[in-house]
Each structure stands twice: as structure tokens, then as C-alpha cells.
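In: Sequence and predicted structure below; questions after.
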Amino acid sequence: MLASSNLQAGEANKRIAAISDPQQKGLAIAQEMKAHNTGWDDSEAKMVMTLRDKGGSETDRKVRVKSLEVDGDGDKGLSIFDEPRDVEGTAFLTYSHIEGNDDQWLYLPALKRVKRISSSNKSGPWMGSEFAYEDLSSFEVEKYDYKFVREDELNGEKVYVVESYPKYDNSGYSKTITWVDQEHFRVHRIEFFDKKGDALKTMNVSDYKLYLDKFWRGHKQVMTNHQTGKSTVVTWSDYQFNTGLDEKDFNKSSLKRAR
């Protein structure tokens, strides 16, 4: 399976090399990114989210994450907070969409109610982290315009560097720049720019592991906010695929009973 994947990547790189238009080339790379991460059906994983303030003080949050692929639309995701006690039972549900704004809800156990995240708040911080609500959505090719910038090397790997421009409403970003390796089309770095065009954040992804001989998952994500000096480190573990999740595990009523 892995040999077949490498062959597909080689063929994809030949197709990309033949494209001269920067917009079309950027789009082709994005399409390969999506194609290399399609067909996993459903998954579950655990993560520890470490919040670091400007002074270096840290707070850990333990979260369980469930994900579901949806035919013809974006993925669905459910995050359940287990620790610390002040966020225990908090649950976050996302319906990503290929076009338009995503649907997101947050269950706050202290209030015993489900709060819908409005489109105008998607650029706000997620649970006190340096990730925005819009960062929690699945990557969907159709939601951006693209521009190929250059080929480069990052951490010893040949990469494509691509600019992406959000087409959906109320994004907090004017653009992002993504470093994608040419061997497996995995994201290794994303730079985020605010609406003024200034550098806002950088996310570095590392510790990739292969699952089902096909799907790569980065086990460490570091999001650094250059404007505030804060950062968030996400460490993933216990990935499981094809666990039998379905649509009923991702409805609004599932937020209140999430355990």
C-alpha cells in the first residue's frame, strides 16, 4: 500500500511540475493534499493541549477527539474535554462544509446549554488556546484560492510552498502560507497572516506516524502567536480508525451526553 502511495505521489509531482500557472499549480497541490487524506471513514484520538502564556506558565487540558468523514461535504468533529476540572464535560462539535461557513456548537456544562458559535466569531480563540475556531475545521479544497510560491526544503524534506486565500466569510486571516512535503503531501508548517497582512501565527507539525499503511498523522502541533507571545502545544496519542462512529454520534444532542 505504501509503495503504491509513493508511486501516486511521484505521478502527482510530475503533473504538478507540468503546470506553469501559479494559481493552477497551487490548486493542484491542494487537491493532492486532500486526495492523500481521503478514505479513513472515522477515527478517535486523544490529545493533551498545553497552553503557554508569554511568561512561560503552562496549563494542560486533556481532550478526546472523534472525527467522521462525510461524502460530498466536509468532515464532522467532536472534542470532549476531560481535564482540568474547570473544563471537564465541555464539548465542541464542528460540521465542516465544502462551501460557505461551517457550523459549530459548544456545550458548557456549568450552564447546561449548547451555544452556537456565530460566523462572526470564527476567528476567536478556541478554549483559551492559540487555535481559532476556524482552525478546527477540516481542510476543504473549495474554500480557498491558491498560489504556488516556490519549491523549497524544510527539515531535510523537499516541499512545496503554497499561499491560500480564504473564500468564506469572516475569516480572521488574509492568507496562509503552507509548507507541504512532496513525498506524502503532509503539512509541516503553516504561517497565518491577519486581516492587515501582518504575521499573526505559525503552526509547526512534526512526529508523523503512518496508520493503515496509508494515512499520516502528525503527533505534535505547535501554534505560536507572534503578536501576543503565547503558544499552544498539542500532543496526539491513541489514534484508532474505523471504530464504528456514525452520524448519530455527531448531533447536537450528543454534546450534552458526551462522556
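Out: Right, received. Where do you want to start?
In: which residues touch residue 184?
Out: For residue 184, the contacting residues are 5, 9, 36, 208, 216, by Cβ atoms under 8 Å, 6 or more residues apart in numbering. The way it works is simple: take the backbone N, C-alpha and C, and place the C-beta from them, glycine included.
In: and which of the residues you listed is nearest residue 236?
Out: Among the contacts of residue 184, residue 208 lies closest to residue 236 (Cβ to Cβ), at 10.5 Å.
In: helix/strand/coil for the closest one?
Out: Taken by DSSP: H, G, I helix; E, B strand; the rest coil, the conformation at residue 208 corresponds to strand.
In: So what's the residue count around it?
Out: 15 (other Cβ atoms under 10 Å).
In: Contacts only, for it.
Out: 184, 186, 216, 217, 218, 219.
In: and the fifth one, how many neighbours does it have?
Out: Put plainly, it is residue 218. 17.
In: Mind listing the residues bridging to it?
Out: Per DSSP bridges, the residues bridged to residue 218 are residue 208.
In: does it really touch residue 234, like I thought?
Out: No - assessed by Cβ atoms under 8 Å, residue 218 is found out of contact with residue 234, at 9.2 Å.
In: Give me the phi and psi for residue 142.
Out: Main-chain torsions, residue 142, degrees, to the nearest 10: phi -70, psi -10.
In: what two of the contacts of residue 184 have the greatest distance between them?
Out: 9 and 208 (14.3 Å).
In: mind checking how far residue 43 is from residue 215?
Out: Distance, residue 43 to residue 215, by Cβ to Cβ, to the nearest Å: 8 Å.
In: Show me which of these two is the more surrounded one.
Out: residue 43 (22 against 18).
In: Confirm that the more buried one sits in a strand.
Out: Yes - counting by three-state DSSP, residue 43 is located in a strand.
In: give me every residue that touches it.
Out: 66, 67, 239, 240, 241, 242, 243.
In: And the residue lying closest to the fifth one once chain neighbours are set aside, how close does it get to residue 33?
Out: In this case it means residue 241. Sequence neighbours aside, residue 43 is the residue nearest to residue 241 in space, at 4.9 Å (criterion: Cβ to Cβ, 6 or more residues apart in numbering). Separation of residue 43 from residue 33 (Cβ to Cβ): 18 Å.
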